[in-house]
Each structure stands twice: as structure tokens, then as C-alpha cells.
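**Student:** just coords:
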């Protein structure tokens, strides 16, 4: 069974870069059948899709976050990562990684809360 686990700092200061890693087990991130996404949910709000990395390493981002977001991967560790630059308190959210099987996601990590505060 596929499992995903997010990891990274739970507190980031404004203007800094948020960095998270998703470790995948039970499946390869290079499989041609799947892509891998980052999604977030601010407190009291709905889910927001942020970006995806496909099996060939290509990426695609939400237009609203594109200028600040980067998704990359380390195939040797079966991990993919998120970087969100110039964060503000509005970026406080639970961040999830998920396996992307458009139009939806079939496996999710448990999520990790990242708070942006000085």
C-alpha cells in the first residue's frame, strides 16, 4: 500500500522560504502512471492545490502561487519536495502531499501544520 509522509519545520518566519519533503513508500515516484501533488488547507478554509510533479520530472503550478512555488524530487530517496518563498501569515496552513490521479488524489499524507509567524 502506498504511504506518504510529510516532514519539515512547523514554524517559518515571514519572508522566509517554507520547505517540506514528502517521503513515499509502497510505490515509485517515477512510475509513468502517477503524478505527485502538494495541497494545503488554511485554518477554516478549503483545500488549495499548489503544484504537481509528473513521472518525467515536469512540473505545473497553481497560477496564483506559481511565482513563489517550486516542486522538485529526489528519485534516489523516493521523495518530492515543496518550496514556497516569501511566506506571509496567510501561508499558515496544513500542508499535504498526495498521489495525483486526475481528476483527484487517491493517497494522501496525514498533513503537517506550518505556521508563519515571527
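**Tutor:** Great, that's in hand. Bear in mind that the values here come from a model prediction, so they are computed numbers and not experimental data. Numbers count the residues shown, from 1 in each chain.

**Student:** tell me, what residue is most central in this structure?
**Tutor:** Among the residues of the chain, the one closest to the centroid is residue 38, at 2.8 Å (CA atoms, centre = their mean).

**Student:** tell me the contacts of it?
**Tutor:** Counting by CB atoms under 8 Å, 6 or more residues apart in numbering, residue 38 touches 20, 22, 49, 50, 51, 52, 71, 82, 95, 96, 97, 98. Yep, even glycine has a C-beta here, placed from its N, CA and C like the rest.

**Student:** give me that answer again for 10 Å
**Tutor:** Neighbour list for residue 38: 6, 20, 22, 48-53, 61-62, 65, 69, 71, 80-84, 95-98, 100, 109 [criterion: CB atoms under 10 Å, 6 or more residues apart in numbering].

**Student:** Can you tell me the SS state at residue 50?
**Tutor:** Under DSSP: H, G, I helix; E, B strand; the rest coil, the three-state class of residue 50 is strand.

**Student:** Same check on residue 87?
**Tutor:** Secondary structure for residue 87, judged by three-state DSSP, is coil.

**Student:** what residues are up against it?
**Tutor:** Per CB under 10 Å, 6+ apart, neighbours of residue 87: 12, 13, 14, 15, 16, 17, 18, 68, 114, 116.

**Student:** do you know how far the closest residue to the second one other than its chain neighbours is from residue 12?
**Tutor:** Once its chain neighbours are removed from consideration, residue 13 has its nearest residue in residue 118; the separation is 5.4 Å (CB to CB, 6 or more residues apart in numbering). In this structure, residue 118 and residue 12 are separated by 10 Å, where distance is defined by CB to CB, to the nearest Å.
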